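Student: Sequence plus predicted model, see below.
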Amino acid sequence: MADPLLETRSLGIRLGQRRRFLRKDEKGFPVLSDISFKVQPGEILALVGESGSGKTTLGRAIAGLAKIQSGTLLFDGDPVVEPATTATIKTRDRSWYRRWTRHRKDIQMIFQDPLSSLNPRRTIGQSLAVPLRNFGILQNAPADDAIDALLTQVGLTPEFKSLYPHRISGGQRQRVGIARALASQPRLIIADEVVSGLDVSSQARILKLLLDLRDTHGLSVLFITHDLAVVRALADRVLVMERGKIREIGPVDQVFQAPKHSYTAKLLRSAPSPEYDPDWLQHSTKGPHAMQIENSVAFVTGANRGIGACFVQALLDRGAAKVYAAARDTSALPKDDRIVPVALDITDAGAVAAAAAQAGDVTLLINNAGFNSNSGALKSPAMEDARREMDVNYFGTLSMIRAFAPVLKANGGGGIINMLSILSRVALPMMGTLCASKAAGLSLTQAVRAELKAQGTQVFAVMPGAVDTDMSKDFPPPKLDPADVVRAALNGVEAGDENDIYPGDMAQGLRAGLEHDPKEVEEEMSGYLP
Amino acid sequence: MTRFALSLASIGLTLLGVSVVVFAILRLVPGDPIAMMLPPGATDEVRANLERLYGLDKSIAQQYLIWLGDVVRLDFGTSTQFRLPVLEVILDRLPATLELVLLASLIAGLLAFTLSILAVWLQTPLATFVIDGLSGLAQAIPDFLWALIFILIVTLFLPNMPISGRFDPRTAQEFSTNFFLLESLVTLRFQAFAELMRYAILPATALALPLAAGITRVLKSSLEEAMAQDYVMLAQTKGKSRLTIVLGEALRNAMVPTIALTSVQLTFLIGGTVLIERQFSLPGIGSAAISAVLNRDLPLIQGIVMIFALIFILINLSSNGLYKLADPRLRKPR
Amino acid sequence: MSLLEVDTLSIEVHGAPVLRNVSLTINAAEIGGVVGESGAGKSMLGKAILGVLPRDARITHGAIRLDGQDLLSLSARHRRKLQSRTTAFIPQDPLTALNPCRTIGAQLAEVLPPTPRAHRLAEVIRWLDAVRIPSAAKVAKSFPHELSGGMRQRALIAAAFASHPRLVIADEPTTALDATVQKDVLRLIRELQQDTGVGLMFVTHDLCVVAKICQSVTVMHGGRIIEQAPCDQIITAPRHAYTRALLAATPRHDETGRGLEPIPPALLEQLITEAGTGNG
């Protein structure tokens, strides 16, 4: 294969970094991390993602319009950005900007809204003359001829050069945008959502134009879009991005026919095609294991208070046929003819097995029971407490899953929700033993998910931030309403998401932080004590 | 907390900067305050004594530091003209100016809001033409010219209407503060209030007209912009009348640009009091400023400028606070 | 009798026709699509039905009947009163369609049918719950900029259905949303529509969405109706050349090489000539 025109290795970008007078500098937040891909000469690579995926930032960074903070960027083998140049982060440092000058001519960008990227006070001819002059393309030749040639190349007539941007249609403006990008005779064009505001007819013309330019000039195009149908029509390869990370990259046909990542599959399930199908909305974006709460039979442990009690109530509200409400003390359970109280200590393997035998119709298992000693790892007599945490949070959950997996299989798959906490992912000082037991629960969840896939059982963990229950009474606010946690978990069951669920801003924020920069999260959490 | 401390510090810095500039410029301008005080044919000895008395024999830097030290203790020195402490002069005259400014802003706000809401509500070419014409006229004529026009009209057609002073000295009013208007209102002496208003209305209106015109222009165009938004169309589909939509949906969204302009214009208005007070012989800070300049009353000029600077800073700060009140998007995320 | 009957409606803006002889009906419990490219007059049609035409637009001919009642013959005030109870609107851009200075709860509360003040908040929360907005109580107190685009659109959908209308007009309700959100929002609209039995006029440029949600479709171009048929027929066996061209120009994610056929200029010229001679 030929040498790539563009190559990135582990690019990373943070936004919102700010130096501040007399106050703590703002560290910003990562929008892109670990971005590695190649663009071959004459290739059209589509960059697909939803809002917040970082696709626009990536395009701008490659065009030299946003600062890259880590990684390597090679254009035509020439390292434009190297780790050495990204090491020091100074917001006022513009040297990165100069590094693009050698390639500014070769990399051109077309923007989504041509009306705002064309100067309204200049005629189209004047706008096109600027790059021609700045990049020294003309070499004393009259500008008019070059402008006429550019306009003809994008399917417009020379008469357009005396018009102002607001006088022409959206599709025509977008072609002027392409003409302006072509003026410097670039080798790579970055097109950011260039057809998203256009009618299908103008869209088809722009797509055809881009294909023609590739065929006649060997131009490479990085085509940024949210529209999978356009990708299929235009691109050779596709790169799927979600939350600042590459989820999947490959030839378009291959990725669209057999997506490897669940996010790609979800995107494909969400994209409509012009085919009459009134049922399409029903099978919606749900995963393969989606199940209805209505008429399901659930088994909830730790059901007498806190999140467990909320689960019981929400299950009944959503029309569950029967709820086995298990707790060591069942006296506090509400009276309802759909509630079956089960007195159960989940650390007692024999009792668990008996419960599974009693509840042979269960389709949804909610492992909610947990224990929190609220004591430090090195504090005595913490050993007993630590053991108890492991017994309830890990071994208890394990024996429940072992006992109920055959039941779920017999009932056609069903689902298991393991109620954990964001502490499964991060350790808090003074809560190390609890965190360890929760982390064990998460590892177990992930392993069991793979093992039970074959029998069609959906398994996921729910990891909220601090929730407003007795168990976290020592935590500082803001705390989540337990009802919101339960809603997120049950929605997950109905959506058939294969991913774990992180309810609440705090858990979401930590998850995002962990994905991008685990070290920093660790540092931040070290200052946080309940 | 640090934010608060920082904004306090920035106020302090601004005032310090103003003090340096004021002090330096007044020392650099030609003219000799001592010479103004001396009777003709005074000896050099008398002159030297006076210089020592007012500290003018020391170096400029020393003079500044001494002055600054006093200023921090709210001691602006003694007015050479009134032979009274500057603070006393200012406190005596500030209420008249503040009441004038307050009344003028109220009139301006009332006029501007009524006219712009009327224009946007009616939306007829005639209403737009009339209101644009009125505000253009009000803005084209400066406040002191309005004052002259009013004085002319009043002397010709309303000889009973007073055109000078704050109140009738013959009906000597018994007030415990210098805020006559406010005090008469608070103590429910409406007769006295009406009498005082007869004196206050002309200068206040003269000051208010250009401000009202400025606010009308911004408020009207902001309202028109807001009325073109989708949420207004949605409100129409909910069956709301146009006036309800203007007042309930558009007005709040039009507030931010209006506050921004008003706070700038308000500082001009305070500057405008200098001439207006002179024209209507009002015993306010503005007329004091003019006589202080004419008489080279350096301590008084310095005191007045510092007070004006403080007022301008307070206006800016409160407009920042008002932005946040008007537009939830400018508030800190919860 | 149909719920909505638009009868040979023509509208001019500054003397230039933007709608010509448009007739269409929408039944109760039906989703009728109105499809067209920009300039087709589809949004103008929606505004005419809602009674929120721009001031410079003038209805020159035709009638709009809702439940048999001719809306154009009513006084402005009477029509506004009637339509605030019978019609509702779901706009395109959830960011600009909510007043940034008022809370979600306040904007939702005002469309509720007369409700005692004490029950209003509970009713607002019930509606926010109904459109599956998490933490409904918190969202009711939030301002629009504190919500994501999908959540804002859900709030607007709640506001449309909360007034218990007979007819809902949705103008490109999911164009501004992400694909995964779009599908959920479409499903939500259809569920609410089916539960309440309202007639829904779905205005869009996107044939893909039409194919999934509509029962009948009206294709428009240049202010004229090109073709009207049940949805499956429009998608699988379109009769008019313009509809066929529109379908050919629509790319699809499940087939390579589609969507690269612009609508032939000759066809567009022919449509314009037809419109000029009043043949439509």
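Tutor: Yep, it's here. This is a predicted model, so every value here is computed, not measured.

Student: okay, and for chain A, where does confidence drop off?
Tutor: The model of chain A has pLDDT under 70 over residues A:1, A:21-23, A:83-100, A:139-140, A:283-288, A:375-382, A:470-478, A:497, A:526-530.

Student: who in the stretch 51-200 of chain C is up against chain B?
Tutor: Applying C-beta under 8 Å from any C-beta of the partner chain, we find that the stretch 51-200 of chain C lies next to chain B at C:51-52, C:55, C:77, C:80-81, C:83-85, C:87-89, C:91-93, C:96-102, C:110-111, C:143, C:145-146, C:156, C:159, C:163. Where you see a C-beta, it was placed from the backbone N, CA and C, and this is true even at glycine.

Student: I'd guess residue B:156 is in a helix, am I close?
Tutor: Yes - the assignment for residue B:156 is a helix, going by DSSP: H, G, I helix; E, B strand; the rest coil.

Student: From the residues of the stretch 51-200 of chain C next to chain B, which land in strands?
Tutor: Residues from these lying in strands, with DSSP state E as the criterion: C:87-89.

Student: Quick check: of those residues, which lies closest to residue A:76?
Tutor: Set against residue A:76, the nearest of those by C-beta to C-beta is residue C:89 (53.1 Å).

Student: Got phi/psi on the closest residue to chain C within chain B?
Tutor: Taking C-beta to the nearest C-beta, chain C has its nearest neighbour within chain B at residue B:239, 2.4 Å off. The phi and psi values for residue B:239, taken as degrees, to the nearest 10, are phi 90, psi 20.

Student: Excluding chain neighbours, what is closest to it?
Tutor: Nearest residue to residue B:239, sequence neighbours excluded (C-beta to C-beta, 6 or more residues apart in numbering or on different chains): residue C:84, at 2.4 Å.

Student: ok, back up a step: any chance of a markdown table for the ones in strands among the residues of the stretch 51-200 of chain C next to chain B, columns distance to chain A?
Tutor: Below are those laid out as a markdown table (distance: C-beta to the nearest C-beta, whole Å):
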| residue | distance to chain A |
| --- | --- |
| C:87 | 24 |
| C:88 | 21 |
| C:89 | 22 |
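
Student: If you go by neighbour count, which of those are buried?
Tutor: C:87-89 (16 or more other C-beta atoms under 10 Å in any protein chain shown).

Student: want to throw these into CSV with pLDDT?
Tutor: As requested, those are exported to CSV (pLDDT from 0 to 100):
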residue, pLDDT
C:87, 94
C:88, 94
C:89, 95
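
Student: export the residues you listed to a markdown table and tack on distance to residue C:33?
Tutor: Shown next, in a markdown table, are these (distance: C-beta to C-beta, whole Å):
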| residue | distance to residue C:33 |
| --- | --- |
| C:87 | 18 |
| C:88 | 18 |
| C:89 | 16 |
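
Student: Pick the one among these closest to residue A:104.
Tutor: Taking C-beta to C-beta as the measure, residue A:104 lies nearest residue C:89 of these, at 47.0 Å.

Student: Around the closest residue to the closest one other than its chain neighbours, how many other residues sit close by?
Tutor: With sequence-adjacent residues excluded and distances taken as C-beta to C-beta, 6+ apart, residue C:89 is closest to residue B:237, at 4.4 Å. Applying other C-beta atoms under 10 Å in any protein chain shown, we find 23 residues neighbouring residue B:237.

Student: Am I right that residue B:237 is in contact with residue C:91?
Tutor: No - using C-beta atoms under 8 Å as the test, residue B:237 is too far from residue C:91 to be in contact (9.2 Å).

Student: returning to that earlier point: give me every residue that touches the residue nearest to residue B:239.
Tutor: B:237-240, C:163 (C-beta atoms under 8 Å, 6 or more residues apart in numbering or on different chains).

Student: which of the residues in stretch A:142-156 are buried?
Tutor: For stretch A:142-156, by 16+ other C-beta under 10 Å, it's A:143, A:146-148, A:150-151, A:153-156.

Student: can you tell me the residue of chain C closest to chain B?
Tutor: Closest point on chain C to chain B, by C-beta to the nearest C-beta, is residue C:84, at 2.4 Å.

Student: Could you measure from that residue over to residue C:66?
Tutor: For residue C:84, the distance to residue C:66 equals 13 Å [C-beta to C-beta, to the nearest Å].

Student: again, but for residue A:165
Tutor: Using C-beta to C-beta, residue A:165 is found at 42 Å from residue C:66.

Student: Can you name the next helix or strand after the host helix or strand of residue B:271?
Tutor: Assigned by DSSP states H and E, residue B:271 falls within helix B:255-279. Going down the chain from helix B:255-279, the next helix or strand is helix B:285-294, by DSSP H and E.

Student: chain center to that next one: distance?
Tutor: Averaged C-alpha coordinates place helix B:285-294 at 15 Å from its chain's average position (C-alpha atoms, centre = their mean, to the nearest Å).

Student: What lies in contact with it?
Tutor: Residues contacting helix B:285-294 (C-beta under 8 Å, 6+ apart): B:79, B:81, B:89-90, B:93-94, B:96-97, B:273-278, B:281, B:297, B:300-301, B:304, B:307-308.

Student: residues in contact with residue A:479?
Tutor: Going by C-beta under 8 Å, 6+ apart, residue A:479 touches A:465-468, A:472.

Student: Dump the helix or strand containing residue A:351 to CSV, keeping only the CA atoms.
Tutor: Using DSSP H and E, residue A:351 sits in helix A:349-358. Output of helix A:349-358 as CSV, limited to C-alpha atoms (Å, rounded to 0.1, in the frame of the first residue of the first chain):
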residue,chain,number,x,y,z
ALA,A,349,-25.9,-20.6,49.9
GLY,A,350,-28.4,-23.2,51.0
ALA,A,351,-31.1,-20.5,51.5
VAL,A,352,-30.3,-19.0,48.1
ALA,A,353,-30.7,-22.4,46.4
ALA,A,354,-34.0,-22.9,48.1
ALA,A,355,-35.2,-19.5,47.0
ALA,A,356,-34.3,-20.2,43.4
ALA,A,357,-36.2,-23.5,43.6
GLN,A,358,-39.2,-21.6,45.1
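
Student: Next, the buried residues of that helix.
Tutor: By 16+ other C-beta under 10 Å, the buried positions in helix A:349-358 come out as A:351-352, A:355-356.

Student: Remind me what the next helix or strand after it packs against, helices and strands.
Tutor: As assigned by DSSP H and E, the chain's next helix or strand after helix A:349-358 is strand A:364-367. Helices and strands touching strand A:364-367, by 3 or more C-beta pairs under 8 Å, 6 or more residues apart in numbering or on different chains; DSSP states H and E, are strand A:297-301, helix A:397-410, strand A:415-419.

Student: Chain B is nearest to which of those?
Tutor: strand A:415-419 (27.4 Å).

Student: List the buried residues of the next helix or strand after the closest one.
Tutor: Note on strand A:415-419: by DSSP H and E, the next helix or strand toward the C-terminus is helix A:432-452. Neighbour-count burial for helix A:432-452, counted by 16+ other C-beta under 10 Å, picks out A:432-442, A:444-445, A:448-449, A:452.

Student: same thing with stretch A:483-493?
Tutor: Those would be A:483-490, A:492-493, for stretch A:483-493 by 16+ other C-beta under 10 Å.
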